[in-house]
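Chemist: Provided below for reference: sequence and predicted model.
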Amino acid sequence: MISFSRMPVFSEIHVLKPFMKKILFAITLAGVLAACQNASNHKDQNGLPSSTDTAAVPNSAIVYYNGDIITMEGDSANYVESIVVKDGKILFAGSQDEAMKQAGDGHTMVDLQGKTLLPGFLDAHSHYINALLVANQCKLYAPPSGPGKDVERIIASLKAYATERKIPKGELIIGYGYDDNAMPNGRLLNRDDLDKAFPDNPVRVDHVSMHGAVLNSLALQKYGISAATKTPPGGVIVRKPGSQEPWGLIMETAFLPVVEKSEPMTPQQEIEWSKAGQMLYAEAGITTAQEGATHLANLRTIQHASDADANIIDVVAYPFITDLDNILKEFPLSDWGRYKKRFKIGGVKITIDGSPQGKTAFFTTPYLTGGPGGEKNWRGELTFPQDMVNQMVKRVYEMNVPLILHCNGDGSIDAFLKAYEFARSGDFSKPWNVTTIHTQFVRKDQIARLVKYKVRSSFYTLHTYYFYEAHLKNRGKAQAQYISPLRDAIDAGMKPTNHTDFVVAPLDQMMMLWSAVNRISRAGAAVGPDQRIKPYEGLQAMTINVAAQYDEADSKGSLKAGKMADLVILDKNPLKVDPMAIRDIRVLETIKEGKTIYKK
Ligand SMILES: [Zn+2]
């Protein structure tokens with residue numbers, strides 16, 4: 001049986017019914033994988049880039065000019081010639097003449113050389129704690145999100161990674177994001193490939209689903225998997241043709257020995273890994289990150305790193321409802337909602353169904369392909385009975401804090417709406433900040449009700465690229481085409497946000513924007529073209545709208561005098577390139593409160 005109590009993250013899984021646990025256990029693996037790693041895998045990732053344009057004279061103003069400076073103020077693109085940054089804040093945004101007057105003596109000029117400057121991206125939903133773990137692994141996503149184009153590139157990337165990090169003989173090397181579906185000509189990564197390249201190190205290349213890995217001989221030994229190992233029920237061990245030798249992917253329940261060998265972070269790792277994890281966000285242009293399902297142990301880790309001044313970006317954590325009583329004992333409500341050393345507790349997280357590709361999302365109509373265990377007439381299930389969902393939502397309402405609520409199927413969105421109405425018992429006068437997370441299979445009639453209740457949805461348009469074909473098979477064309485319908489949500493008056501759900505999908509904000517604007521599947525299918533949004537609307541869903549989601553629209557999300565100088569510089573303007581080229585745009589520099597935290 002899976003030892004869920006040892007899993008530090010994605011612990012909404014704790015509350016799932018046993019069979020769902022079996023199906024979904026692998027999603028939790030992301031969190032435990034890297035606990036097996038060695039802290040010495042770090043190099044200088046912890047430090048900030050050594051030289052920056054903005055570090056010349058402390059406390060003097062910085063003037064950015066000569067680029068496309070998009071303010072994200074208003075519902076259509078607004079450009080200014082110049083912004084002035086001082087003491088971590090935006091002092092001025094407007095004409096260059098006025099900027100020069102405002103900047104005062106001793107200011108620094110930063111010539112953008114035609115590049116694009118925007119407010120720093122705010123992550124609307126991801127699993128920050130997992131970033132701490134994968135930060136010390138070799139990224140192997142398939143293009144465009146990573147270098148894992150084929151077996152050769154995967155091996156080359158792992159080698160470069162091991163060399164760069166000076167990983168000594170005998171130490172475990174971990175990669176993540178391996179996508180067997182993307183391998184050309186069905187030539188998959190196997191144990192022999194890894195053995196040949198790494199005869200002296202155990203190597204584990206984790207599958208992009210986080211449901212398994214390809215291991216080399218030393219890693220198989222380490223985890224006690226051999227030719228004699230029987231494939232457990234619900235598991236997969238790919239064997240070498242003509243033998244019983246494990247040769248390729250180890251998946252699902254067969255992957256458990258790897259999970260069970262996890263160890264908690266040491267105090268030093270908590271700090272070092274936090275810095276490394278935050279660098280992943282900084283590299284993606286993100287200056288505010290979400291920890292989207294937080295348990296007490298995770299909060300302690302974030303607190304330790306914050307106390308040690310390790311935070312280079314802002315982190316917003318959402319305690320998971322089932323852990324709330326324990327958390328409140330150590331993190332009293334009176335401290336919530338305020339940053340202290342770049343960390344705040346933003347509200348509460350509730351999860352009420354699973355994932356559509358795992359067939360655990362709850363729908364009002366059956367899956368076309370049956371249930372995950374072959375069930376007939378399968379619609380998925382709520383994570384908790386409706387009565388309990390009602391009580392949970394009501395509790396958060398009475399705490400008077402923001403709520404983020406995971407719901408994917410239209411059945412779970414109905415259940416949320418019921419619970420919302422129950423919690424407010426007819427009185428809708430008091431403002432309440434509520435965001436539905438994923439909301440992928442929302443119906444149009446539900447959008448109208450969400451808007452009526454001033455509930456914001458955070459959508460997940462990356463599924464149009466990564467999972468459309470699976471949704472088409474499981475849910476049929478009409479529903480699969482309508483996933484994450486941002487167009488209808490915006491037209492109905494909502495200010496939605498968009499997210500990566502990292503580490504489930506890559507932390508790639510330009511890929512996310514691309515998916516919202518183009519809606520094209522991995523196989524090239526157009527996915528609900530009528531739900532495409534304009535690039536500017538896509539940018540709103542990752543800046544100003546997210547700032548509102550965090551109750552921080554007064555201080556973040558646009559370039560306006562008085563707001564924080566959280567900025568990102570891109571090599572091209574997403575509003576001016578061919579929409580299909582948006583995913584090729586690169587983050588050149590990320591600035592948090594006036595200081596460069598990442599520079600390409
Ligand atoms: Zn999530």
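Modeler: Yep, it's here.

Chemist: Gly186 - how many residues pack around it?
Modeler: By the criterion of other C-beta atoms under 10 Å, Gly186 has 6 neighbours. For every residue, glycine as well, the C-beta is placed using N, CA and C.

Chemist: That one and the ion, how far apart?
Modeler: 31 Å (C-beta to the ion, to the nearest Å).

Chemist: From Gln113, how far out is that residue?
Modeler: 45 Å (C-beta to C-beta, to the nearest Å).

Chemist: Could you do Val259 as well?
Modeler: 48 Å.

Chemist: The chain against the ion: which residues are in contact?
Modeler: By the rule C-beta under 5 Å from the ion, the part of the chain lying against the ion is Gly292, Asp501.

Chemist: Mind doing that once more with 8 Å?
Modeler: Contact residues, the chain versus the ion (C-beta under 8 Å from the ion): Phe10, His125, Ser126, His127, Gly292, Ala293, His406, Ile437, His438, His499, Asp501, Val504.

Chemist: And the residues you listed, which two are furthest apart?
Modeler: Using C-beta to C-beta, the residues of the chain next to the ion span at most 15.0 Å, a distance reached by Phe10 and His499.

Chemist: Could you report the neighbour count for the residue of the stretch 501-600 of the chain at minimum distance from the ion?
Modeler: At 4.5 Å from the ion, Asp501 is the closest residue in the stretch 501-600 of the chain, using C-beta to the ion. By other C-beta under 10 Å, 23 other residues sit near Asp501.

Chemist: ok, now which ones touch it?
Modeler: Contact partners of Asp501, counting by C-beta atoms under 8 Å, 6 or more residues apart in numbering, are His125, Ser126, His127, Gly292, His438, Tyr460, Leu462.

Chemist: distance of Asn78 from Asn498?
Modeler: Distance of Asn78 to Asn498, given as C-beta to C-beta: 21 Å.

Chemist: Do a quick rundown of the helices in the stretch 251-400 of the chain.
Modeler: Secondary structure of the stretch 251-400 of the chain (DSSP state H, counting those that start in this stretch): helices located at 256-260, 267-283, 296-307, 324-330, 386-399.

Chemist: Mind checking those for the one nearest to Leu132?
Modeler: When the helices of the stretch 251-400 of the chain are compared by C-beta to C-beta, helix 267-283 sits nearest Leu132, at 3.8 Å.

Chemist: ok now that closest one, how far from the chain's centre?
Modeler: Put simply, helix 267-283 sits 15 Å off its chain's centre (C-alpha atoms, centre = their mean, to the nearest Å).

Chemist: so what secondary structure elements neighbour that helix?
Modeler: helix 128-134, strand 286-294, helix 296-307, strand 587-592, strand 595-599 (3 or more C-beta pairs under 8 Å, 6 or more residues apart in numbering; DSSP states H and E).

Chemist: Buried ones in the last one, by neighbour count?
Modeler: Right, the one you point to is strand 595-599. For strand 595-599, burial by neighbour count (16 or more other C-beta atoms under 10 Å) applies to Thr596, Ile597, Tyr598, Lys599.

Chemist: Quick check: the residue of the stretch 151-300 of the chain nearest the ion.
Modeler: Gly292 (4.8 Å).

Chemist: thinking again about what came up before, quick one: which of Asn78 and Asn498 has more around it?
Modeler: Using other C-beta under 10 Å, the more surrounded residue of Asn78 and Asn498 is Asn498, with 28 against 15.

Chemist: Would you mind listing the residues in contact with the more buried one?
Modeler: So Asn498 contacts 124, 458-461, 484, 486, 512-513, 516, 538, 541-542 (C-beta under 8 Å, 6+ apart).

Chemist: closest to Thr287 among the residues you listed?
Modeler: Relative to Thr287, and with distances defined as C-beta to C-beta, the nearest of the contacts of Asn498 is Met542, at 11.4 Å.

Chemist: quick revisit: quick one: the helices and strands packed on helix 267-283 as a markdown table, columns for mean pLDDT too.
Modeler: Converted to a markdown table, the helices and strands packed on helix 267-283 look like this (pLDDT from 0 to 100):
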| stretch | mean pLDDT |
| --- | --- |
| helix 128-134 | 90 |
| strand 286-294 | 96 |
| helix 296-307 | 95 |
| strand 587-592 | 98 |
| strand 595-599 | 97 |
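
Chemist: Mind putting those into CSV with distance to Pro332?
Modeler: Formatted as CSV, the helices and strands packed on helix 267-283 follow (distance: least, C-beta to C-beta, whole Å):
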stretch, distance to Pro332
helix 128-134, 21
strand 286-294, 16
helix 296-307, 12
strand 587-592, 28
strand 595-599, 30
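
Chemist: Of those, which is nearest Met392?
Modeler: Of these, nearest to Met392 by C-beta to C-beta is strand 286-294, at 13.9 Å.

Chemist: For that closest one, which helices and strands make contact with it?
Modeler: strand 121-122, helix 128-134, helix 267-283, helix 296-307, strand 314-319, strand 348-351, strand 587-592.
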